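*Asks:* What follows is a protein structure lacking sequence information:
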């Protein structure tokens, strides 16, 4: 499965998913994006800043892999939405969704898709 198919499959897991994209280690979106039927909460420039910050955060978390094991996913519960990140080799799957959702079910469904890569 390539990254575009991964993102499309992730967007179809639940109607509450707003965004599914893959970001490289430098914080650049390389696949996926917003679900077509959803409206963007911020502008594209701020999205780019978010991607770079996420890439840095994922890299910093990996410093503890030897002691704690590799991160499978991380989640931020924000006032307006939920953001999850899934490290994948050198890249990161980023998914955002509406707050009122079964995020645990969605997260483990995404992990199953990633394992198929």
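*Replies:* That came in fine, so what should we check first? Small disclaimer: the values here were computed from a predicted structure and weren't measured.

*Asks:* Number of residues surrounding the residue lying closest to residue 59 once chain neighbours are set aside?
*Replies:* Excluding the flanking residues, the one nearest residue 59 by CB to CB, 6 or more residues apart in numbering is residue 25, at 7.0 Å. Glycine gets a C-beta too; all of them are placed from N, C-alpha and C. Counted with other CB atoms under 10 Å, residues neighbouring residue 25 total 14.

*Asks:* With residue 95 instead?
*Replies:* 26.

*Asks:* mind checking the SS state of it?
*Replies:* Counting by DSSP: H, G, I helix; E, B strand; the rest coil, the backbone at residue 95 sits in strand.

*Asks:* mind listing what it touches?
*Replies:* 10, 17, 19-21, 83-86, 106, 110 (CB atoms under 8 Å, 6 or more residues apart in numbering).

*Asks:* out of these, what pair is the most spread apart?
*Replies:* 21 and 106 (15.2 Å; CB to CB).

*Asks:* Look up how far residue 41 lies from residue 91.
*Replies:* 23 Å (CB to CB, to the nearest Å).

*Asks:* Please disregard the earlier target; I meant residue 62.
*Replies:* Residue 62 sits 28 Å away from residue 41, going by CB to CB.
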